[in-house]
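Asks: The sequence and its predicted three-dimensional model are supplied below.
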Amino acid sequence: MSGSPANSPPLARGDEAGPWSRWLTLGCQYVLAVTFLMAALTKITDLSAFRERVVLHSGLPAQGAELVAAYLPWLELTCGACLVLGVMRREAAALLALLLLLFVVQALVRPLEMDCGCLLFLGPSPPASSGWLIARNLLLFCCGIRVSNVLVWRLARKSRDA
(Lines give C-alpha, C1' and ligand atoms only; values in the text may rest on other atoms or scores of the structure.)
Protein backbone atom coordinates (compact mmCIF):
# COMPACT_ATOMS: atom_id res chain seq x y z
CA MET A 1 0.00 0.00 0.00
CA SER A 2 1.54 3.31 -1.00
CA GLY A 3 0.81 6.86 0.13
CA SER A 4 -0.38 8.11 3.45
CA PRO A 5 -3.61 7.17 5.17
CA ALA A 6 -6.54 9.49 4.58
CA ASN A 7 -6.84 10.30 8.27
CA SER A 8 -3.19 11.26 8.81
CA PRO A 9 -2.53 14.86 9.84
CA PRO A 10 -1.12 17.21 7.22
CA LEU A 11 2.59 17.92 7.26
CA ALA A 12 3.63 20.87 9.37
CA ARG A 13 4.95 23.82 7.41
CA GLY A 14 8.65 23.25 6.74
CA ASP A 15 8.49 19.44 6.93
CA GLU A 16 8.13 19.19 3.16
CA ALA A 17 11.42 21.05 2.62
CA GLY A 18 13.53 18.10 3.69
CA PRO A 19 16.17 17.35 6.32
CA TRP A 20 18.11 20.59 5.77
CA SER A 21 15.05 22.44 7.06
CA ARG A 22 15.09 20.47 10.29
CA TRP A 23 18.82 21.10 10.72
CA LEU A 24 18.31 24.82 10.15
CA THR A 25 15.55 24.92 12.75
CA LEU A 26 17.66 22.94 15.22
CA GLY A 27 20.62 25.26 14.62
CA CYS A 28 18.45 28.31 15.19
CA GLN A 29 17.04 26.73 18.34
CA TYR A 30 20.49 26.22 19.85
CA VAL A 31 21.81 29.63 18.74
CA LEU A 32 18.88 31.25 20.54
CA ALA A 33 19.32 29.00 23.57
CA VAL A 34 23.04 29.73 23.97
CA THR A 35 22.59 33.46 23.36
CA PHE A 36 19.83 33.88 25.91
CA LEU A 37 21.36 31.55 28.50
CA MET A 38 24.57 33.57 28.26
CA ALA A 39 22.65 36.84 28.49
CA ALA A 40 20.63 35.63 31.48
CA LEU A 41 23.63 34.26 33.39
CA THR A 42 25.60 37.44 32.80
CA LYS A 43 22.72 39.51 34.18
CA ILE A 44 21.97 37.17 37.08
CA THR A 45 25.59 37.11 38.26
CA ASP A 46 25.46 40.89 38.73
CA LEU A 47 21.81 41.81 39.18
CA SER A 48 22.53 45.18 40.78
CA ALA A 49 24.68 46.37 37.86
CA PHE A 50 22.06 45.16 35.37
CA ARG A 51 19.32 46.92 37.32
CA GLU A 52 21.36 50.12 37.34
CA ARG A 53 21.95 49.94 33.56
CA VAL A 54 18.26 49.39 32.87
CA VAL A 55 17.10 52.18 35.18
CA LEU A 56 19.67 54.69 33.86
CA HIS A 57 19.77 53.86 30.14
CA SER A 58 16.48 52.25 29.10
CA GLY A 59 14.42 55.40 28.87
CA LEU A 60 11.59 53.60 30.67
CA PRO A 61 9.72 55.09 33.61
CA ALA A 62 11.30 54.07 36.94
CA GLN A 63 8.67 51.45 37.81
CA GLY A 64 8.81 49.93 34.31
CA ALA A 65 12.60 49.78 34.43
CA GLU A 66 12.46 48.09 37.83
CA LEU A 67 10.04 45.46 36.50
CA VAL A 68 12.22 44.81 33.45
CA ALA A 69 15.31 44.49 35.63
CA ALA A 70 13.53 42.13 38.01
CA TYR A 71 11.98 39.77 35.46
CA LEU A 72 13.98 39.90 32.21
CA PRO A 73 16.97 37.77 33.33
CA TRP A 74 14.69 35.05 34.66
CA LEU A 75 12.52 35.07 31.54
CA GLU A 76 15.63 34.75 29.37
CA LEU A 77 16.95 31.92 31.56
CA THR A 78 13.64 30.05 31.43
CA CYS A 79 13.23 30.43 27.67
CA GLY A 80 16.86 29.44 27.03
CA ALA A 81 16.49 26.36 29.22
CA CYS A 82 13.26 25.41 27.44
CA LEU A 83 15.07 25.62 24.09
CA VAL A 84 17.98 23.49 25.30
CA LEU A 85 15.68 20.87 26.80
CA GLY A 86 13.21 20.96 23.90
CA VAL A 87 10.33 21.69 26.28
CA MET A 88 7.77 24.17 24.92
CA ARG A 89 10.43 25.25 22.44
CA ARG A 90 8.04 26.93 20.01
CA GLU A 91 6.45 29.02 22.72
CA ALA A 92 9.85 29.92 24.18
CA ALA A 93 11.12 30.90 20.73
CA ALA A 94 8.01 33.02 20.12
CA LEU A 95 8.55 34.84 23.43
CA LEU A 96 12.20 35.45 22.60
CA ALA A 97 11.27 36.68 19.11
CA LEU A 98 8.92 39.18 20.73
CA LEU A 99 11.67 40.29 23.12
CA LEU A 100 14.09 40.69 20.23
CA LEU A 101 11.56 42.81 18.37
CA LEU A 102 11.29 45.01 21.47
CA PHE A 103 15.10 45.23 21.62
CA VAL A 104 15.13 46.40 17.98
CA VAL A 105 12.55 49.07 18.77
CA GLN A 106 14.64 50.15 21.78
CA ALA A 107 17.75 50.43 19.58
CA LEU A 108 15.80 52.51 17.05
CA VAL A 109 14.37 54.82 19.71
CA ARG A 110 17.65 55.25 21.60
CA PRO A 111 20.33 54.72 18.94
CA LEU A 112 23.28 56.19 20.84
CA GLU A 113 23.11 53.85 23.80
CA MET A 114 25.80 51.26 24.42
CA ASP A 115 25.31 47.57 23.87
CA CYS A 116 23.78 45.88 26.91
CA GLY A 117 27.03 44.04 27.56
CA CYS A 118 25.09 40.89 28.31
CA LEU A 119 26.50 38.62 25.62
CA LEU A 120 30.00 38.40 27.03
CA PHE A 121 31.24 37.29 30.43
CA LEU A 122 34.36 39.43 30.08
CA GLY A 123 33.00 42.67 31.50
CA PRO A 124 31.52 45.80 29.99
CA SER A 125 31.38 45.88 26.23
CA PRO A 126 32.72 48.73 24.13
CA PRO A 127 30.26 51.10 22.47
CA ALA A 128 28.54 49.37 19.58
CA SER A 129 26.89 50.97 16.62
CA SER A 130 23.13 50.84 16.75
CA GLY A 131 23.24 49.37 13.23
CA TRP A 132 25.11 46.32 14.51
CA LEU A 133 22.75 45.91 17.47
CA ILE A 134 19.72 46.10 15.19
CA ALA A 135 21.23 43.64 12.67
CA ARG A 136 22.19 41.18 15.43
CA ASN A 137 18.76 41.34 17.04
CA LEU A 138 16.98 40.99 13.68
CA LEU A 139 19.08 37.92 12.86
CA LEU A 140 18.19 36.39 16.23
CA PHE A 141 14.56 37.41 15.64
CA CYS A 142 14.62 35.41 12.39
CA CYS A 143 15.94 32.43 14.36
CA GLY A 144 13.07 32.83 16.83
CA ILE A 145 10.52 32.95 14.03
CA ARG A 146 12.12 29.91 12.41
CA VAL A 147 11.88 27.83 15.58
CA SER A 148 8.35 28.98 16.37
CA ASN A 149 7.20 28.82 12.73
CA VAL A 150 4.63 26.11 13.26
CA LEU A 151 3.07 28.11 16.10
CA VAL A 152 3.12 31.31 14.04
CA TRP A 153 1.65 29.65 10.95
CA ARG A 154 -1.07 27.93 12.99
CA LEU A 155 -2.09 31.23 14.56
CA ALA A 156 -2.09 32.90 11.14
CA ARG A 157 -4.25 30.13 9.68
CA LYS A 158 -6.70 30.31 12.57
CA SER A 159 -7.10 34.08 12.22
CA ARG A 160 -7.47 33.76 8.44
CA ASP A 161 -10.07 31.00 8.74
CA ALA A 162 -12.07 32.83 11.44
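Replies: It's in.

Asks: and the longest helix for this protein?
Replies: The helix of greatest length in the chain, counted in residues with DSSP state H as the criterion, is given as helix 19-45.

Asks: Let me see the contact set for A97.
Replies: Residues in contact with A97, defined by CB atoms under 8 Å, 6 or more residues apart in numbering, are F141, G144, I145, S148. Yep, even glycine has a C-beta here, placed from its N, CA and C like the rest.

Asks: quick revisit: from the contact counts, what lies against the longest helix of the chain?
Replies: Other elements packing on helix 19-45 under the criterion 3 or more CB pairs under 8 Å, 6 or more residues apart in numbering; DSSP states H and E are helix 62-85, helix 89-109, helix 130-147.

Asks: Recalculate using a threshold of 6 Å.
Replies: Taking 3 or more CB pairs under 6 Å, 6 or more residues apart in numbering; DSSP states H and E as contact, the helices and strands that helix 19-45 lies on are helix 62-85, helix 130-147.

Asks: With mean neighbour count and distance to T35 as added columns, please give the ones you listed in TSV.
Replies: Putting the helices and strands packed on helix 19-45 into TSV (neighbours: other CB atoms under 10 Å; distance: least, CB to CB, whole Å) gives the following:
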stretch	mean neighbour count	distance to T35
helix 62-85	17	8
helix 130-147	18	6
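
Asks: and those, which one's lowest on average pLDDT?
Replies: Lowest mean pLDDT within the helices and strands packed on helix 19-45: helix 130-147, at a mean of 87.

Asks: Nothing else from me, thank you.
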